[in-house]
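Participant: just the structure for this:
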Amino acid sequence: MRFRALRPTLRELEIASVAGILFGLAFPPFPFVVPAFLCLVPLAVHVARSADAGEGWGPAARVGAYFGVVGYGLNLYWIAIALLIYTDLAILGYIGALLVLVPVAAATVAALYAARRASRLPMAIVLPVVWVASELLLNYLSDLAFPWLPLGLAMAKHPLFAQIADLSGVRGVSFWIAAISGLAADAWLVRASRRAVVARAAAIVLLVAASAAYGRWRMTTTVMRPIAPVAVVQPNIPQIDKWQEQNQGRIIGILAELTRERLARHDARLVLWPEAALPGFLQEHEDWRDTVRTLAASARTPIIFGAIDLVFHLSGRYDYYNAAFLADSLGRVGGQPTYRKTFLVPIVERVPFLNPEWFAFLGRYFGGYGHGGRPVPFQLPFGKVGVLICYESIFLERSRAYRRDGVSLLVNITNDAWFGKSIAPYQHEAHLAFRAIENRVGVVRDANTGISEYVDPLGRVHGATELFVPATRTYEAQTTDVLTLYDHLGDWLGALCAAATVAAIVAALRRPG
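Facilitator: Below is the predicted model:
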(Lines give C-alpha, C1' and ligand atoms only; values in the text may rest on other atoms or scores of the structure.)
Protein backbone atom coordinates (compact mmCIF):
# COMPACT_ATOMS: atom_id res chain seq x y z
CA MET A 1 0.00 0.00 0.00
CA ARG A 2 1.32 3.43 -0.90
CA PHE A 3 1.47 5.87 2.00
CA ARG A 4 -0.22 8.44 -0.23
CA ALA A 5 -3.38 6.34 -0.01
CA LEU A 6 -3.45 6.96 3.76
CA ARG A 7 -3.32 10.73 3.40
CA PRO A 8 -6.79 12.23 3.90
CA THR A 9 -8.21 15.13 1.98
CA LEU A 10 -9.14 18.20 4.00
CA ARG A 11 -12.81 17.30 3.63
CA GLU A 12 -12.23 13.76 4.86
CA LEU A 13 -10.28 15.05 7.84
CA GLU A 14 -13.07 17.48 8.71
CA ILE A 15 -15.70 14.74 8.57
CA ALA A 16 -13.64 12.30 10.65
CA SER A 17 -12.77 14.98 13.21
CA VAL A 18 -16.35 16.18 13.72
CA ALA A 19 -17.63 12.62 14.01
CA GLY A 20 -14.79 11.62 16.32
CA ILE A 21 -15.24 14.59 18.65
CA LEU A 22 -18.98 13.93 18.91
CA PHE A 23 -18.20 10.26 19.63
CA GLY A 24 -15.83 11.40 22.35
CA LEU A 25 -18.63 13.40 24.00
CA ALA A 26 -21.28 10.68 23.73
CA PHE A 27 -20.45 8.63 26.81
CA PRO A 28 -20.36 9.09 30.59
CA PRO A 29 -19.33 11.13 32.45
CA PHE A 30 -20.53 13.68 29.93
CA PRO A 31 -24.21 14.44 30.56
CA PHE A 32 -25.02 15.07 26.93
CA VAL A 33 -27.45 12.97 24.91
CA VAL A 34 -27.38 14.56 21.47
CA PRO A 35 -23.76 13.66 20.49
CA ALA A 36 -24.59 9.95 20.53
CA PHE A 37 -27.27 10.52 17.88
CA LEU A 38 -25.11 12.82 15.76
CA CYS A 39 -21.65 11.24 15.85
CA LEU A 40 -22.35 8.78 13.02
CA VAL A 41 -24.30 11.22 10.85
CA PRO A 42 -21.29 12.87 9.13
CA LEU A 43 -19.87 9.42 8.34
CA ALA A 44 -23.20 8.16 7.01
CA VAL A 45 -23.74 11.17 4.74
CA HIS A 46 -20.21 10.97 3.37
CA VAL A 47 -20.38 7.22 2.76
CA ALA A 48 -23.79 7.40 1.11
CA ARG A 49 -22.58 10.00 -1.36
CA SER A 50 -19.36 8.11 -1.99
CA ALA A 51 -21.14 4.79 -2.52
CA ASP A 52 -23.77 6.27 -4.81
CA ALA A 53 -21.00 7.84 -6.88
CA GLY A 54 -18.96 4.61 -6.92
CA GLU A 55 -15.83 6.25 -5.53
CA GLY A 56 -14.42 3.02 -4.09
CA TRP A 57 -13.76 1.46 -0.71
CA GLY A 58 -10.47 3.22 -0.04
CA PRO A 59 -11.75 6.71 0.79
CA ALA A 60 -14.44 5.24 3.07
CA ALA A 61 -11.89 3.16 4.96
CA ARG A 62 -9.61 6.18 5.25
CA VAL A 63 -12.36 8.33 6.80
CA GLY A 64 -13.19 5.47 9.17
CA ALA A 65 -9.58 5.16 10.24
CA TYR A 66 -9.24 8.83 11.09
CA PHE A 67 -12.60 8.77 12.85
CA GLY A 68 -11.18 5.93 14.97
CA VAL A 69 -8.01 7.89 15.72
CA VAL A 70 -9.99 10.89 16.95
CA GLY A 71 -12.93 9.14 18.61
CA TYR A 72 -11.07 6.35 20.38
CA GLY A 73 -8.06 8.56 20.96
CA LEU A 74 -10.18 11.00 22.96
CA ASN A 75 -12.11 8.34 24.85
CA LEU A 76 -9.19 6.10 25.77
CA TYR A 77 -6.42 8.54 26.67
CA TRP A 78 -6.58 7.13 30.20
CA ILE A 79 -4.90 3.89 29.07
CA ALA A 80 -1.56 5.70 29.03
CA ILE A 81 -2.22 6.96 32.56
CA ALA A 82 -3.28 3.55 33.82
CA LEU A 83 -0.34 1.62 32.40
CA LEU A 84 2.15 4.20 33.64
CA ILE A 85 1.74 2.64 37.09
CA TYR A 86 3.17 -0.60 35.71
CA THR A 87 5.68 0.51 33.12
CA ASP A 88 7.32 3.56 31.59
CA LEU A 89 6.24 2.11 28.24
CA ALA A 90 2.62 3.10 28.97
CA ILE A 91 2.25 5.14 25.82
CA LEU A 92 2.87 1.94 23.83
CA GLY A 93 -0.18 0.37 25.48
CA TYR A 94 -2.29 3.32 24.39
CA ILE A 95 -0.92 3.12 20.86
CA GLY A 96 -1.49 -0.65 20.90
CA ALA A 97 -5.15 -0.16 21.74
CA LEU A 98 -5.54 2.27 18.87
CA LEU A 99 -3.76 -0.13 16.53
CA VAL A 100 -6.58 -2.60 17.22
CA LEU A 101 -9.53 -0.20 17.30
CA VAL A 102 -8.61 2.07 14.40
CA PRO A 103 -8.52 -0.77 11.81
CA VAL A 104 -11.89 -1.97 13.13
CA ALA A 105 -13.29 1.54 12.65
CA ALA A 106 -11.83 1.66 9.15
CA ALA A 107 -13.30 -1.74 8.31
CA THR A 108 -16.68 -0.65 9.71
CA VAL A 109 -16.94 2.40 7.47
CA ALA A 110 -15.69 0.40 4.50
CA ALA A 111 -18.37 -2.22 5.21
CA LEU A 112 -20.93 0.59 5.42
CA TYR A 113 -19.84 1.66 1.95
CA ALA A 114 -20.20 -1.91 0.71
CA ALA A 115 -23.67 -2.29 2.18
CA ARG A 116 -24.88 0.95 0.64
CA ARG A 117 -23.23 0.21 -2.70
CA ALA A 118 -24.64 -3.30 -2.92
CA SER A 119 -28.16 -2.64 -1.65
CA ARG A 120 -28.90 1.04 -2.25
CA LEU A 121 -30.90 0.85 0.95
CA PRO A 122 -31.38 3.93 3.15
CA MET A 123 -28.74 4.64 5.78
CA ALA A 124 -31.49 4.19 8.37
CA ILE A 125 -31.19 0.47 7.59
CA VAL A 126 -27.56 -0.13 6.65
CA LEU A 127 -25.99 2.08 9.33
CA PRO A 128 -27.43 0.27 12.39
CA VAL A 129 -26.81 -3.14 10.84
CA VAL A 130 -23.15 -2.48 10.05
CA TRP A 131 -22.44 -0.62 13.29
CA VAL A 132 -23.88 -3.38 15.47
CA ALA A 133 -21.90 -5.95 13.49
CA SER A 134 -18.72 -4.01 14.32
CA GLU A 135 -19.62 -4.04 18.02
CA LEU A 136 -20.02 -7.80 17.86
CA LEU A 137 -16.58 -8.07 16.26
CA LEU A 138 -15.00 -6.07 19.09
CA ASN A 139 -16.66 -8.40 21.59
CA TYR A 140 -15.12 -11.54 20.11
CA LEU A 141 -11.53 -10.65 19.20
CA SER A 142 -10.08 -13.28 21.54
CA ASP A 143 -7.30 -11.76 23.66
CA LEU A 144 -7.83 -8.42 21.92
CA ALA A 145 -11.56 -8.20 22.68
CA PHE A 146 -12.38 -4.75 23.99
CA PRO A 147 -16.10 -3.88 23.78
CA TRP A 148 -15.59 -0.85 26.01
CA LEU A 149 -17.68 1.70 24.09
CA PRO A 150 -20.82 0.24 22.52
CA LEU A 151 -22.90 3.12 21.19
CA GLY A 152 -25.76 2.09 23.46
CA LEU A 153 -23.64 2.92 26.51
CA ALA A 154 -24.62 6.54 25.92
CA MET A 155 -28.06 5.69 27.35
CA ALA A 156 -26.71 4.16 30.59
CA LYS A 157 -27.85 7.18 32.61
CA HIS A 158 -31.21 7.36 30.83
CA PRO A 159 -32.97 4.17 31.94
CA LEU A 160 -36.25 5.06 30.22
CA PHE A 161 -34.56 4.56 26.83
CA ALA A 162 -32.35 1.67 27.96
CA GLN A 163 -35.14 -0.79 28.81
CA ILE A 164 -35.13 -2.28 25.31
CA ALA A 165 -31.86 -3.95 26.32
CA ASP A 166 -33.90 -6.79 27.86
CA LEU A 167 -34.86 -7.76 24.30
CA SER A 168 -31.46 -7.81 22.64
CA GLY A 169 -28.82 -6.61 25.09
CA VAL A 170 -27.01 -3.31 24.79
CA ARG A 171 -26.69 -4.12 21.09
CA GLY A 172 -30.38 -3.26 20.64
CA VAL A 173 -29.84 0.21 22.12
CA SER A 174 -26.88 0.72 19.80
CA PHE A 175 -29.08 -0.33 16.87
CA TRP A 176 -31.79 2.13 17.93
CA ILE A 177 -29.36 5.05 18.20
CA ALA A 178 -27.70 4.21 14.89
CA ALA A 179 -31.09 3.89 13.16
CA ILE A 180 -32.01 7.39 14.33
CA SER A 181 -28.63 8.62 13.11
CA GLY A 182 -29.28 6.95 9.77
CA LEU A 183 -32.64 8.67 9.47
CA ALA A 184 -30.98 12.01 10.20
CA ALA A 185 -28.39 11.30 7.51
CA ASP A 186 -31.10 10.33 5.04
CA ALA A 187 -32.99 13.53 5.83
CA TRP A 188 -29.88 15.58 5.08
CA LEU A 189 -29.32 13.75 1.80
CA VAL A 190 -32.88 14.53 0.61
CA ARG A 191 -33.16 17.95 2.23
CA ALA A 192 -34.30 19.48 -1.07
CA SER A 193 -37.61 17.64 -0.60
CA ARG A 194 -39.57 18.99 2.33
CA ARG A 195 -41.95 16.04 2.30
CA ALA A 196 -39.09 13.54 2.44
CA VAL A 197 -37.45 15.38 5.32
CA VAL A 198 -40.73 15.53 7.26
CA ALA A 199 -41.25 11.79 6.74
CA ARG A 200 -37.85 10.98 8.17
CA ALA A 201 -38.30 13.38 11.07
CA ALA A 202 -41.61 11.68 11.82
CA ALA A 203 -39.84 8.30 11.79
CA ILE A 204 -37.30 9.62 14.31
CA VAL A 205 -40.10 10.83 16.58
CA LEU A 206 -41.79 7.45 16.25
CA LEU A 207 -38.61 5.56 17.18
CA VAL A 208 -38.03 7.77 20.22
CA ALA A 209 -41.66 7.50 21.31
CA ALA A 210 -41.71 3.73 20.87
CA SER A 211 -38.58 3.28 22.99
CA ALA A 212 -39.94 5.63 25.66
CA ALA A 213 -43.29 3.82 25.70
CA TYR A 214 -41.63 0.44 26.06
CA GLY A 215 -39.36 1.82 28.76
CA ARG A 216 -42.25 3.31 30.66
CA TRP A 217 -44.17 0.04 30.46
CA ARG A 218 -41.24 -2.00 31.72
CA MET A 219 -40.45 0.42 34.52
CA THR A 220 -44.03 0.39 35.79
CA THR A 221 -44.81 -3.32 35.40
CA THR A 222 -41.55 -5.13 36.28
CA VAL A 223 -42.04 -6.79 39.65
CA MET A 224 -38.96 -6.70 41.84
CA ARG A 225 -38.52 -8.55 45.10
CA PRO A 226 -35.93 -8.09 47.85
CA ILE A 227 -33.17 -10.64 47.96
CA ALA A 228 -30.72 -9.53 50.67
CA PRO A 229 -28.99 -6.48 52.15
CA VAL A 230 -25.44 -6.39 50.76
CA ALA A 231 -22.64 -4.28 52.24
CA VAL A 232 -19.65 -2.92 50.34
CA VAL A 233 -16.30 -1.86 51.77
CA GLN A 234 -14.44 0.80 49.79
CA PRO A 235 -10.98 1.07 51.41
CA ASN A 236 -9.58 3.70 49.01
CA ILE A 237 -6.04 2.30 48.69
CA PRO A 238 -4.02 4.34 46.16
CA GLN A 239 -2.67 2.24 43.31
CA ILE A 240 0.86 3.44 43.95
CA ASP A 241 0.65 1.97 47.49
CA LYS A 242 -1.37 -1.14 46.78
CA TRP A 243 1.32 -3.55 45.60
CA GLN A 244 4.14 -2.46 47.88
CA GLU A 245 4.88 -5.27 50.33
CA GLN A 246 5.47 -2.93 53.27
CA ASN A 247 1.87 -1.68 52.98
CA GLN A 248 0.20 -5.09 53.24
CA GLY A 249 -0.38 -4.96 56.98
CA ARG A 250 -1.84 -1.47 56.77
CA ILE A 251 -4.18 -2.49 53.94
CA ILE A 252 -5.64 -5.51 55.75
CA GLY A 253 -6.03 -3.27 58.81
CA ILE A 254 -8.06 -0.69 56.88
CA LEU A 255 -10.29 -3.40 55.40
CA ALA A 256 -10.86 -5.04 58.78
CA GLU A 257 -11.64 -1.76 60.55
CA LEU A 258 -14.17 -0.63 57.92
CA THR A 259 -15.76 -4.09 57.91
CA ARG A 260 -16.14 -4.19 61.68
CA GLU A 261 -17.79 -0.77 61.61
CA ARG A 262 -20.28 -1.94 59.01
CA LEU A 263 -20.95 -5.33 60.62
CA ALA A 264 -21.63 -3.62 63.94
CA ARG A 265 -24.80 -2.23 62.38
CA HIS A 266 -26.15 -5.77 61.79
CA ASP A 267 -27.68 -4.63 58.51
CA ALA A 268 -26.01 -6.94 55.97
CA ARG A 269 -26.25 -10.60 54.96
CA LEU A 270 -23.24 -10.39 52.64
CA VAL A 271 -20.11 -8.21 52.65
CA LEU A 272 -18.04 -7.39 49.57
CA TRP A 273 -14.39 -6.42 49.39
CA PRO A 274 -12.94 -5.11 46.11
CA GLU A 275 -10.89 -6.85 43.45
CA ALA A 276 -7.43 -7.77 44.78
CA ALA A 277 -8.40 -6.27 48.14
CA LEU A 278 -5.66 -8.49 49.59
CA PRO A 279 -2.72 -7.55 47.35
CA GLY A 280 -0.85 -10.79 46.91
CA PHE A 281 -1.07 -14.58 46.90
CA LEU A 282 -3.61 -15.66 49.49
CA GLN A 283 -1.71 -18.94 49.99
CA GLU A 284 1.32 -17.03 51.26
CA HIS A 285 -0.55 -15.17 53.99
CA GLU A 286 -2.27 -17.30 56.63
CA ASP A 287 -2.76 -14.12 58.67
CA TRP A 288 -5.01 -12.76 55.91
CA ARG A 289 -7.13 -15.91 56.03
CA ASP A 290 -7.37 -15.67 59.81
CA THR A 291 -8.54 -12.06 59.63
CA VAL A 292 -11.25 -12.79 57.08
CA ARG A 293 -12.35 -15.96 58.90
CA THR A 294 -12.69 -14.07 62.18
CA LEU A 295 -14.66 -11.21 60.64
CA ALA A 296 -17.09 -13.52 58.83
CA ALA A 297 -17.60 -15.94 61.71
CA SER A 298 -17.99 -13.30 64.43
CA ALA A 299 -20.91 -11.65 62.60
CA ARG A 300 -22.21 -14.82 60.92
CA THR A 301 -21.96 -12.87 57.66
CA PRO A 302 -20.18 -14.20 54.55
CA ILE A 303 -17.53 -12.08 52.83
CA ILE A 304 -16.60 -12.19 49.15
CA PHE A 305 -13.12 -10.79 48.70
CA GLY A 306 -10.54 -10.41 45.95
CA ALA A 307 -6.98 -11.76 46.10
CA ILE A 308 -4.48 -13.54 43.87
CA ASP A 309 -4.94 -17.30 43.60
CA LEU A 310 -1.82 -19.42 43.14
CA VAL A 311 -2.02 -22.89 41.57
CA PHE A 312 1.00 -25.20 41.42
CA HIS A 313 1.33 -27.98 38.82
CA LEU A 314 3.11 -31.33 39.09
CA SER A 315 5.74 -30.09 36.65
CA GLY A 316 6.78 -27.46 39.20
CA ARG A 317 5.34 -24.60 37.18
CA TYR A 318 2.51 -22.49 38.51
CA ASP A 319 -0.29 -20.22 37.34
CA TYR A 320 -1.77 -17.30 39.15
CA TYR A 321 -5.24 -15.83 38.80
CA ASN A 322 -7.13 -12.67 39.61
CA ALA A 323 -9.67 -14.35 41.88
CA ALA A 324 -12.60 -13.97 44.23
CA PHE A 325 -12.89 -16.08 47.39
CA LEU A 326 -15.78 -16.69 49.75
CA ALA A 327 -15.48 -16.77 53.52
CA ASP A 328 -18.81 -18.24 54.59
CA SER A 329 -20.81 -17.39 57.69
CA LEU A 330 -18.85 -20.00 59.68
CA GLY A 331 -15.57 -18.43 58.64
CA ARG A 332 -14.56 -21.18 56.23
CA VAL A 333 -12.47 -20.08 53.24
CA GLY A 334 -12.36 -22.49 50.32
CA GLY A 335 -15.57 -24.36 51.07
CA GLN A 336 -16.84 -23.33 47.65
CA PRO A 337 -14.88 -23.18 44.38
CA THR A 338 -12.77 -20.08 43.91
CA TYR A 339 -13.90 -17.78 41.12
CA ARG A 340 -11.06 -16.98 38.71
CA LYS A 341 -11.33 -14.11 36.29
CA THR A 342 -11.74 -15.16 32.66
CA PHE A 343 -11.80 -11.93 30.66
CA LEU A 344 -8.39 -10.35 31.26
CA VAL A 345 -7.37 -6.77 30.54
CA PRO A 346 -5.09 -6.89 27.48
CA ILE A 347 -1.42 -6.14 28.23
CA VAL A 348 -1.95 -5.27 31.91
CA GLU A 349 -3.22 -8.70 32.98
CA ARG A 350 -2.38 -10.81 29.95
CA VAL A 351 -0.07 -9.96 27.06
CA PRO A 352 -2.07 -11.09 24.01
CA PHE A 353 -0.89 -14.18 22.14
CA LEU A 354 2.63 -14.16 23.63
CA ASN A 355 4.30 -16.08 26.43
CA PRO A 356 3.69 -13.94 29.54
CA GLU A 357 6.97 -15.18 31.08
CA TRP A 358 8.80 -13.02 28.55
CA PHE A 359 7.45 -9.94 30.32
CA ALA A 360 8.14 -10.95 33.91
CA PHE A 361 10.86 -8.31 34.17
CA LEU A 362 8.15 -5.61 33.98
CA GLY A 363 6.66 -6.62 37.33
CA ARG A 364 5.48 -9.57 39.41
CA TYR A 365 1.84 -9.29 38.38
CA PHE A 366 2.22 -7.73 34.95
CA GLY A 367 0.87 -9.49 31.88
CA GLY A 368 0.94 -13.07 33.14
CA TYR A 369 -2.43 -13.85 34.74
CA GLY A 370 -4.13 -17.11 33.83
CA HIS A 371 -7.58 -17.39 32.28
CA GLY A 372 -10.18 -18.85 34.63
CA GLY A 373 -12.44 -21.66 33.54
CA ARG A 374 -16.20 -21.93 33.49
CA PRO A 375 -17.60 -19.64 36.19
CA VAL A 376 -19.41 -21.23 39.11
CA PRO A 377 -21.56 -18.89 41.20
CA PHE A 378 -21.32 -18.80 44.97
CA GLN A 379 -24.23 -20.49 46.72
CA LEU A 380 -25.50 -18.43 49.65
CA PRO A 381 -28.58 -18.92 51.86
CA PHE A 382 -30.55 -16.27 49.96
CA GLY A 383 -29.58 -17.51 46.48
CA LYS A 384 -26.79 -17.80 43.93
CA VAL A 385 -24.37 -14.92 43.51
CA GLY A 386 -22.37 -14.40 40.31
CA VAL A 387 -19.07 -12.51 40.51
CA LEU A 388 -17.76 -10.18 37.82
CA ILE A 389 -14.19 -9.06 38.41
CA CYS A 390 -13.24 -5.64 37.07
CA TYR A 391 -13.98 -5.18 33.39
CA GLU A 392 -15.75 -8.52 33.02
CA SER A 393 -18.76 -6.29 33.51
CA ILE A 394 -18.44 -5.08 29.90
CA PHE A 395 -18.90 -8.59 28.45
CA LEU A 396 -22.66 -9.08 28.37
CA GLU A 397 -22.45 -12.82 27.70
CA ARG A 398 -20.86 -13.49 31.10
CA SER A 399 -23.77 -12.00 33.04
CA ARG A 400 -26.25 -13.81 30.81
CA ALA A 401 -24.54 -17.16 31.51
CA TYR A 402 -24.83 -16.49 35.23
CA ARG A 403 -28.51 -15.62 34.96
CA ARG A 404 -29.26 -18.78 33.00
CA ASP A 405 -27.44 -20.67 35.75
CA GLY A 406 -29.97 -19.40 38.28
CA VAL A 407 -28.07 -16.44 39.72
CA SER A 408 -30.26 -14.04 41.73
CA LEU A 409 -27.64 -11.35 42.25
CA LEU A 410 -24.59 -10.11 40.37
CA VAL A 411 -21.68 -8.49 42.17
CA ASN A 412 -18.89 -6.55 40.50
CA ILE A 413 -15.69 -6.24 42.50
CA THR A 414 -13.12 -3.97 40.95
CA ASN A 415 -10.06 -1.83 41.52
CA ASP A 416 -10.38 1.34 39.45
CA ALA A 417 -7.58 3.12 41.30
CA TRP A 418 -5.26 2.59 38.35
CA PHE A 419 -7.56 4.70 36.13
CA GLY A 420 -6.58 7.76 38.15
CA LYS A 421 -8.68 10.91 37.94
CA SER A 422 -9.88 10.27 34.41
CA ILE A 423 -13.15 9.53 32.64
CA ALA A 424 -12.50 5.77 32.80
CA PRO A 425 -14.19 5.03 36.17
CA TYR A 426 -17.40 6.59 34.88
CA GLN A 427 -17.27 4.69 31.58
CA HIS A 428 -16.55 1.46 33.44
CA GLU A 429 -19.36 1.87 35.97
CA ALA A 430 -21.93 2.75 33.30
CA HIS A 431 -21.95 -0.77 31.82
CA LEU A 432 -23.68 -2.21 34.88
CA ALA A 433 -26.96 -0.48 34.08
CA PHE A 434 -27.18 -2.70 31.01
CA ARG A 435 -26.17 -5.90 32.78
CA ALA A 436 -29.02 -5.22 35.24
CA ILE A 437 -31.62 -4.48 32.54
CA GLU A 438 -30.55 -7.27 30.18
CA ASN A 439 -31.02 -9.89 32.88
CA ARG A 440 -33.52 -8.11 35.17
CA VAL A 441 -31.27 -8.69 38.14
CA GLY A 442 -29.74 -6.41 40.75
CA VAL A 443 -26.02 -5.64 40.64
CA VAL A 444 -23.90 -4.50 43.60
CA ARG A 445 -20.58 -2.88 42.74
CA ASP A 446 -17.66 -2.62 45.15
CA ALA A 447 -14.69 -0.59 43.92
CA ASN A 448 -11.46 0.02 45.82
CA THR A 449 -11.52 3.79 45.22
CA GLY A 450 -15.10 4.06 43.94
CA ILE A 451 -17.56 4.21 42.31
CA SER A 452 -19.36 1.68 44.55
CA GLU A 453 -23.12 1.44 44.11
CA TYR A 454 -26.24 -0.65 43.69
CA VAL A 455 -27.99 -0.92 40.31
CA ASP A 456 -31.54 -2.24 40.46
CA PRO A 457 -33.11 -4.51 37.79
CA LEU A 458 -34.39 -1.40 35.99
CA GLY A 459 -30.90 0.00 35.58
CA ARG A 460 -31.31 2.74 38.19
CA VAL A 461 -28.30 3.59 40.35
CA HIS A 462 -28.64 3.85 44.14
CA GLY A 463 -26.20 5.08 46.77
CA ALA A 464 -23.19 5.72 44.54
CA THR A 465 -20.07 6.62 46.51
CA GLU A 466 -17.65 9.41 45.73
CA LEU A 467 -14.31 8.65 44.12
CA PHE A 468 -11.14 8.43 46.22
CA VAL A 469 -12.72 8.36 49.67
CA PRO A 470 -13.03 5.44 52.12
CA ALA A 471 -16.64 4.38 52.52
CA THR A 472 -19.05 1.60 53.44
CA ARG A 473 -22.64 1.18 52.33
CA THR A 474 -25.40 -1.39 52.69
CA TYR A 475 -27.78 -1.80 49.78
CA GLU A 476 -31.14 -3.55 49.77
CA ALA A 477 -30.54 -5.68 46.70
CA GLN A 478 -33.46 -6.83 44.58
CA THR A 479 -34.06 -9.31 41.80
CA THR A 480 -36.89 -10.54 39.57
CA ASP A 481 -38.26 -13.96 38.73
CA VAL A 482 -38.19 -13.64 34.94
CA LEU A 483 -35.77 -14.57 32.21
CA THR A 484 -35.71 -11.92 29.50
CA LEU A 485 -35.77 -12.44 25.75
CA TYR A 486 -32.08 -11.63 25.78
CA ASP A 487 -31.50 -14.32 28.42
CA HIS A 488 -33.27 -16.85 26.21
CA LEU A 489 -31.80 -15.92 22.81
CA GLY A 490 -28.52 -14.20 23.63
CA ASP A 491 -26.88 -11.86 21.11
CA TRP A 492 -29.36 -12.66 18.34
CA LEU A 493 -29.43 -9.12 16.98
CA GLY A 494 -25.65 -8.91 16.77
CA ALA A 495 -25.52 -12.24 14.96
CA LEU A 496 -28.14 -11.17 12.42
CA CYS A 497 -26.37 -7.88 11.80
CA ALA A 498 -23.04 -9.64 11.36
CA ALA A 499 -24.56 -12.07 8.84
CA ALA A 500 -26.21 -9.24 6.90
CA THR A 501 -22.97 -7.25 6.85
CA VAL A 502 -20.97 -10.19 5.53
CA ALA A 503 -23.61 -10.76 2.85
CA ALA A 504 -23.41 -7.09 1.83
CA ILE A 505 -19.63 -7.22 1.58
CA VAL A 506 -19.79 -10.35 -0.59
CA ALA A 507 -22.41 -8.73 -2.81
CA ALA A 508 -20.31 -5.60 -3.17
CA LEU A 509 -17.24 -7.63 -4.11
CA ARG A 510 -19.21 -9.43 -6.81
CA ARG A 511 -20.76 -6.22 -8.13
CA PRO A 512 -19.11 -5.05 -11.35
CA GLY A 513 -17.66 -1.56 -11.47
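Participant: just the strands in the protein please.
Facilitator: 225-234, 270-272, 303-312, 318-327, 339-340, 378-380, 383-389, 407-414, 442-447, 453-455, 461-462, 471-479 (DSSP state E).
Participant: go through those and pick out the most buried.
Facilitator: Stretch with highest mean neighbour count among the strands of the chain: strand 442-447 (a mean of 28; mean count of other CB atoms under 10 Å). Yep, even glycine has a C-beta here, placed from its N, CA and C like the rest.
Participant: list the buried ones in the lengthiest helix in the chain?
Facilitator: Secondary structure of the chain per DSSP state H: the longest helix is helix 90-119. Going by neighbour count (16 or more other CB atoms under 10 Å), the buried part of helix 90-119 is 90, 93-94, 96-98, 100-102, 104-119.
Participant: mind showing which ranges of the chain have poor pLDDT?
Facilitator: 1-5, 83, 85-90, 355-367, 512-513 (pLDDT under 70).
Participant: again, only this time at 50
Facilitator: 1, 3 (pLDDT under 50).
Participant: the domain parsing of it - what is it?
Facilitator: Using automatic domain parsing, the domain parsing of the chain gives 6-221+491-510, 225-481.
Participant: quote the end-to-end distance of the last one.
Facilitator: Which is domain 225-481. 8 Å (CA to CA, to the nearest Å).
Participant: ok, Asn139 - contacts?
Facilitator: Counting by CB atoms under 8 Å, 6 or more residues apart in numbering, Asn139 touches Ala145, Pro147, Phe395, Leu396, Glu397, Asp491, Gly494.
Participant: apologies, that question was intended for Ser17.
Facilitator: Applying CB under 8 Å, 6+ apart to Ser17 gives the contacts Tyr66, Val70.
Participant: rerun that using 6 Å as the cut-off
Facilitator: By CB atoms under 6 Å, 6 or more residues apart in numbering, Ser17 lies in contact with Val70.
Participant: how much space separates it from Arg171?
Facilitator: From Ser17 across to Arg171, the span is 27 Å (CB to CB, to the nearest Å).
Participant: before we move on, back to that, redo the strands of the chain as a markdown table? Include distance to Leu136.
Facilitator: Formatted as a markdown table, the strands of the chain follow (distance: least, CB to CB, whole Å):
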| stretch | distance to Leu136 |
| --- | --- |
| strand 225-234 | 32 |
| strand 270-272 | 31 |
| strand 303-312 | 30 |
| strand 318-327 | 26 |
| strand 339-340 | 26 |
| strand 378-380 | 30 |
| strand 383-389 | 20 |
| strand 407-414 | 22 |
| strand 442-447 | 23 |
| strand 453-455 | 24 |
| strand 461-462 | 27 |
| strand 471-479 | 28 |
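Participant: closest to Phe353 out of those?
Facilitator: Of all the strands of the chain, strand 318-327 sits nearest to Phe353, with 17.2 Å by CB to CB.
Participant: elements contacting that closest one?
Facilitator: helix 286-299, strand 303-312, strand 339-340 (3 or more CB pairs under 6 Å, 6 or more residues apart in numbering; DSSP states H and E).
Participant: nearest to Leu388, of the ones you listed?
Facilitator: Nearest to Leu388, of all the helices and strands packed on strand 318-327, is strand 339-340, at 9.4 Å by CB to CB.
Participant: strand partners (parallel or antiparallel) of that closest one?
Facilitator: strand 318-327 (antiparallel) (DSSP bridges).
Participant: and for the partner strand, what's in contact with it?
Facilitator: Contacts of strand 318-327 (CB under 6 Å, 6+ apart): 292-293, 296, 303-306, 308-312, 333, 336, 338-341, 369-370, 372, 378, 387, 389.
Participant: need the contact list for the residue positioned nearest the centre of the chain.
Facilitator: The chain has Ile394 as the residue nearest its centroid, 2.3 Å off, counting by CA atoms, centre = their mean. Shown in contact with Ile394 (CB under 6 Å, 6+ apart): Pro147, Trp148, His431.
Participant: any idea which of those residues has the most stuff around it?
Facilitator: Most neighbours among the contacts of Ile394, by other CB atoms under 10 Å: His431, with 28 neighbours.
Participant: wait, that one sits on Tyr391?
Facilitator: No. His431 is not in contact with Tyr391 according to CB atoms under 6 Å; the separation is 8.3 Å.
Participant: ok, back up a step: helices or strands up against the longest helix of the chain?
Facilitator: helix 41-53, helix 57-75, helix 78-84, helix 123-139, helix 492-510.
Participant: ok, 10 Å please
Facilitator: Helices and strands touching helix 90-119, by 3 or more CB pairs under 10 Å, 6 or more residues apart in numbering; DSSP states H and E, are helix 10-24, helix 41-53, helix 57-75, helix 78-84, helix 123-139, helix 492-510.
Participant: minimum distance to Val33: which of the ones you listed has it?
Facilitator: Comparing those by CB to CB, helix 10-24 comes nearest, at 11.7 Å.
Participant: list the buried ones in that closest one?
Facilitator: Per 16+ other CB under 10 Å, helix 10-24 contains these buried residues: Glu12, Ile15, Ala16, Ser17, Val18, Ala19, Gly20, Ile21, Leu22, Phe23, Gly24.
Participant: and the residues you listed, which two are furthest apart?
Facilitator: Glu12 and Gly24 (18.3 Å).
Participant: from Val348, how far out is Ser17?
Facilitator: Counting by CB to CB, the gap from Ser17 to Val348 is 30 Å.
Participant: re the thing from before, which of the contacts of Asn139 lies closest to Tyr475?
Facilitator: Looking across those and measuring by CB to CB, the closest to Tyr475 is Leu396, at 22.3 Å.
Participant: how about the nearest residue to Glu284, chain neighbours excluded?
Facilitator: Leu310 (7.5 Å; CB to CB, 6 or more residues apart in numbering).
Participant: bridging residues for that neighbour?
Facilitator: Tyr320.
Participant: show me what contacts it?
Facilitator: Gly280, Phe281, Leu282, Gln283, Glu284, Tyr318, Asp319, Tyr320, Tyr321, Ala323 (CB atoms under 10 Å, 6 or more residues apart in numbering).
Participant: hang on, Val208 packs against Phe161?
Facilitator: Yes. If you go by CB atoms under 10 Å, Val208 and Phe161 touch, sitting 7.9 Å apart.
Participant: give me the common contacts of those two.
Facilitator: Common contacts of Val208 and Phe161 (CB under 10 Å, 6+ apart): Trp176.
Participant: those two: which is more packed in?
Facilitator: Counting neighbours by other CB under 10 Å for Val208 and for Phe161 shows that Phe161 has the greater number, 19 against 14.
Participant: measure Val223 to Ala124 for me?
Facilitator: 36 Å.
Participant: and what of Phe395?
Facilitator: Phe395 is 29 Å from Ala124, by CB to CB.
Participant: and what of Leu314?
Facilitator: If you go by CB to CB, the gap between Leu314 and Ala124 works out to 60 Å.
Participant: neighbour count winner among these two?
Facilitator: Ala124 (22 against 5).
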